[in-house]
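Student: Structure for the following, please:
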Amino acid sequence: MHDGLPHPATEAYRDLLQQLDTWFAQATARYPGVIPCRSGCSACCHGPFDISIADALLIREAYFRLPRDEQAQVRSKAVALAIRMKAVAPDWDFENGLEGINEEKFDQLCEVLAAEPCPLLDGERNCRIYADRPIICRMMGLGVITPAGRVIENSCPIQDQFPAYSALPPQPLALEALEELETACLESASLELFGTPERARFETTIAVLLANL
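Tutor: I've put the predicted structure just below:
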């Protein structure tokens, strides 16, 4: 489906992402003026990073809703970045996503290309599909503590510039419950993109996804 129209799998996934946005907004309200994350901040929008198959479906639909000239700009950047990825990891089979590259080589690739901006950033470093950005982009700027006691540290790359922000404790999030919802979304996205739910754990990068549309 290349018309940008929403698929039921993406609608369910958007509901999940909205829960994350609400969680983030509540934390921002609890600590007014402390959390710098916002639309237009692109500090974490560099280097390759993994996206799920549900993110891939969502991004693909958002990409095809862009004006044609913006699609061309985005895809040109994606192709250029994918070519650089191949130069670092020539044996990477893009069709198999991150299963086509070993973890050590992907880590090396991420290090080499750490400064490369996401193809979806515009000239002012704004995300062209901010409302449909991947789940990792929505969780990057806060630490998490779950009801089961799991702790995920804040991964914001510029938090040391904001002492009060970097000192925030992990924020409570019912992540295990969201992960159960995510599993169903992954299976639905796999069915849409591959015709089977068996590839629900498929992951790729934004550049590879867009370069191969």
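
Student: dump the residue contacts of the residue nearest the centre of the chain.
Tutor: Nearest to the geometric centre of the chain sits Pro134, at 3.1 Å (C-alpha atoms, centre = their mean). Taking C-beta atoms under 8 Å, 6 or more residues apart in numbering as the criterion, Pro134 is in contact with Ile51, Ser52, Asp55, Leu58, Ile59, Ile206. In short, each C-beta sits where N, CA and C put it, glycine included.

Student: In TSV: those, plus pLDDT, distance to Ala164 and secondary structure.
Tutor: As requested, these are exported to TSV (pLDDT from 0 to 100; distance: C-beta to C-beta, whole Å; DSSP: H, G, I helix; E, B strand; the rest coil):
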residue	pLDDT	distance to Ala164	secondary structure
Ile51	97	30	strand
Ser52	97	32	strand
Asp55	97	31	helix
Leu58	95	33	helix
Ile59	96	33	helix
Ile206	98	31	helix
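
Student: Export these as TSV, with columns for neighbour count and distance to Phe94.
Tutor: TSV is the format used below for these (neighbours: other C-beta atoms under 10 Å; distance: C-beta to C-beta, whole Å):
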residue	neighbour count	distance to Phe94
Ile51	24	14
Ser52	23	16
Asp55	26	16
Leu58	28	19
Ile59	22	15
Ile206	28	13
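
Student: and which of those is nearest to Ala78?
Tutor: Among these, Ile206 lies closest to Ala78 (C-beta to C-beta), at 7.2 Å.

Student: what number of residues lie near Arg84?
Tutor: When neighbours are defined as other C-beta atoms under 10 Å, Arg84 has 16 of them.

Student: remind me which residues of this protein are low pLDDT?
Tutor: 1-6 (pLDDT under 70).

Student: which stretches of it form strands?
Tutor: 51-52, 144-145, 151-152, 171-172, 203-204 (DSSP state E).

Student: Could you point out which of those sits nearest Leu178?
Tutor: Closest approach to Leu178 among the strands of the chain (C-beta to C-beta): strand 144-145, 10.4 Å.

Student: what's in contact with that closest one?
Tutor: Residues contacting strand 144-145 (C-beta under 8 Å, 6+ apart): Arg150, Val151, Ile152, Pro169, Pro170, Gln171, Pro172, Leu173, Leu175.

Student: same deal with stretch 122-129?
Tutor: Residues contacting stretch 122-129 (C-beta under 8 Å, 6+ apart): 39-40, 42, 45, 59, 62-63, 66, 70, 74, 117-118, 120-121, 133, 137.

Student: Go through that stretch and flag the buried ones.
Tutor: Cys127, Arg128, Ile129 (16 or more other C-beta atoms under 10 Å).

Student: From the contacts of stretch 122-129, pick the one nearest Trp92.
Tutor: Nearest to Trp92 among the contacts of stretch 122-129, counting by C-beta to C-beta, is Cys118 at 18.7 Å.
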